[in-house]
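**Student:** with the input below, show me the fold.
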Amino acid sequence: MSIIILPSRPRPAWLMGFWLGLTLAGGLLIGSLLALLVSPILSGVTVILALMFTLLGFLQRQVASIVYEAWNRVARRFTRVARIVLMGICFYIIFVAVGRTGSSLGLARPTSGRSMWVPRKTLQPIGYPHQYNVSRKELPQRGWIPTFLSWAAQSGNFWAFCLLPFLILLRFLETEEESNFPNNIYSLF
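**Tutor:** Numbering: from 1, shown residues only. As a prediction, this is how the structure comes out:
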C-alpha cells in the first residue's frame, strides 16, 4: 500500500486522527507563514481557526469524511502521474545511460531451432534452488535492499546502485487496488 493513499474504509479513530493531523499541521503551516510574511498577530488568529476546524471535524464527522475521500482521490491521481514520470526517468534516462556505458543488447535473428536465451551466469544452474547453501530455516532475513545491493556487487552490475533510489520511490508510490483477484501471481502463457 502506498504511504500517500489512505485506507478506503477508515475506522473512526483513523478518520479523527487524519482530521486532527491535517487541521493542526495546516494551521501550523499557515500560521507560521503569516507570522513570517505579514504579522505575528495573524499567527494567533490562525491557531484559533485551526482549533475551531479541529472541533468542527470532531462534531461533524461527515466533514472529515469528505476531506478524507478528497485526499484519497488527489493522492491516487498524484501517485499515478508520479509513477509514470519516475518510470519514464528510469527507462529513458537511467537505462539509456547504462546502454551508453558499454552494455549491449544483441538483437539478431536466431537460426532455426536455436534460442536467443543467454544465461546471466550469476549462479550455476544447479544452485538456483539453494542460493544460500543453507536450509530454509537459516535463510538470511535481511530484506530486499541489502539482497539487491549484494547481488549488484557480486554480479558486477554496479550500475544497479543508481536504480536503488528509483526502486524505493516506486515502492512508496505503489498502489494496490482492492480486487477480487490476488495481485502477486505470475503466470507464464
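**Student:** can you give me the offset of the top helix by length along the chain from its chain's centre?
**Tutor:** Taking DSSP state H as the criterion, the chain has its longest helix at helix 61-89. Distance, stretch centre to chain centre, for helix 61-89: 13 Å (C-alpha atoms, centre = their mean, to the nearest Å).
**Student:** which neighbouring elements make contact with the following helix or strand past that helix?
**Tutor:** Where DSSP states H and E defines the elements, the next helix or strand beyond helix 61-89 is helix 95-100. Contacts defined by 3 or more C-beta pairs under 8 Å, 6 or more residues apart in numbering; DSSP states H and E place helix 95-100 against no helix or strand at all. The C-beta positions use only the backbone N, C-alpha and C, and glycine is treated the same way.
**Student:** for the chain, what spans make up the helices?
**Tutor:** So, for the chain - with DSSP H - the helices run 12-37, 40-59, 61-89, 95-100, 144-155, 164-172.
**Student:** looking at these, which has the lowest confidence?
**Tutor:** Ranked by mean pLDDT, the helices of the chain end with helix 95-100 in last place, scoring a mean of 72.
**Student:** not counting sequence-adjacent ones, nearest residue to the residue most central in space within the chain?
**Tutor:** Central residue of the chain (C-alpha atoms, centre = their mean): residue 172, 1.5 Å from the mean position. Distances taken as C-beta to C-beta, 6 or more residues apart in numbering put residue 3 closest to residue 172, at 5.4 Å, once the chain neighbours are dropped.
**Student:** mind checking pLDDT for the one you found?
**Tutor:** 70.
**Student:** how many neighbours does residue 92 have?
**Tutor:** 10 (other C-beta atoms under 10 Å).
**Student:** which residue, other than its chain neighbours, is closest to residue 4?
**Tutor:** Using C-beta to C-beta, 6+ apart and skipping residues adjacent in sequence, the residue nearest residue 4 is residue 75, 4.5 Å away.
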